[in-house]
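Colleague: Could you look at this predicted model? Sequence included:
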Amino acid sequence: MSTRTAVYPGSFDPVTNGHLDIVERALALFDHLRIAVAYNKDKPGGLFTREDREAMIAEATSQYGDRVSVDSFHGLLVDYARDNGAGAVIRGLRAVADFDYEFQMALMNRHLCTDVQTVFLMADEAHFYTSSSLIREVATLGGDVSAQVPPCVLRALNDKFSK
Ligand code: PNS
């Protein structure tokens, strides 16, 4: 029997409980999930390094064993998916506001590669207002994000902002 593999791409700066909710749902549909941190070689940027992001995702998903792998990529997502034998790309949807951008990306990806399908999953409504950018902003300003991120991310944020 063939293994159904999906790629879950994103910036994950940092990974949130909303992302982890999507991971759980994707694993109900696919045998293997490759969580892939997108990075730009020429413009590193962001709050956490690529290595830190990968390490936090790996720690936060360790309970899934070898059903989840963590990686990073640059260049086109569809090339990464194809090179890694993934027939699907997972994206999480929160509110309708996400839809426009996601729809455009999915159609562009389909234009680039017809073999890779985009699968949209909805996180629990408890995560509808959770986003990495809001987490970064609130944590930078000293707010409490403990309900929205896994413990390893909370530790890293506290270290960064010396709480
Ligand atoms: O978490 P994000 O920032 O919303 O993720 C966006 C991401 C990384 C999935 C998207 O920017 C992407 O796929 N980048 C890789 C480059 C690429 O393939 N671009 C064309 C997509 S239409």
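Modeller: Cool, the structure landed.
Colleague: For the longest helix along the chain, which helices and strands make contact with it?
Modeller: Scanning the chain for the longest helix, with DSSP state H as the assignment, gives helix 99-112. Taking 3 or more C-beta pairs under 8 Å, 6 or more residues apart in numbering; DSSP states H and E as contact, the helices and strands that helix 99-112 lies on are helix 77-83, strand 88-93, strand 117-122. Where C-beta positions appear, they are placed from N, C-alpha and C, glycine not excepted.
Colleague: which residues touch the second one?
Modeller: It stands for strand 88-93. In this structure, residues lying in contact with strand 88-93 by C-beta atoms under 8 Å, 6 or more residues apart in numbering are 4-9, 18-19, 21-22, 26, 30, 33, 77-78, 81, 99, 102, 105-106, 109, 116-123.
Colleague: Equivalent analysis for the last one, please.
Modeller: Defining contact as C-beta under 8 Å, 6+ apart, one finds that strand 117-122 is touched by 6, 22, 25-26, 29, 87-94, 102, 105-106, 109-110.
Colleague: In PyMOL, select just the buried ones from the residues you listed.
Modeller: For the buried members of the contacts of strand 117-122, the matching PyMOL selection, counting by 16 or more other C-beta atoms under 10 Å, is:
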select buried, resi 6+22+25+26+87+88+89+90+91+92+93+94+102+106+109
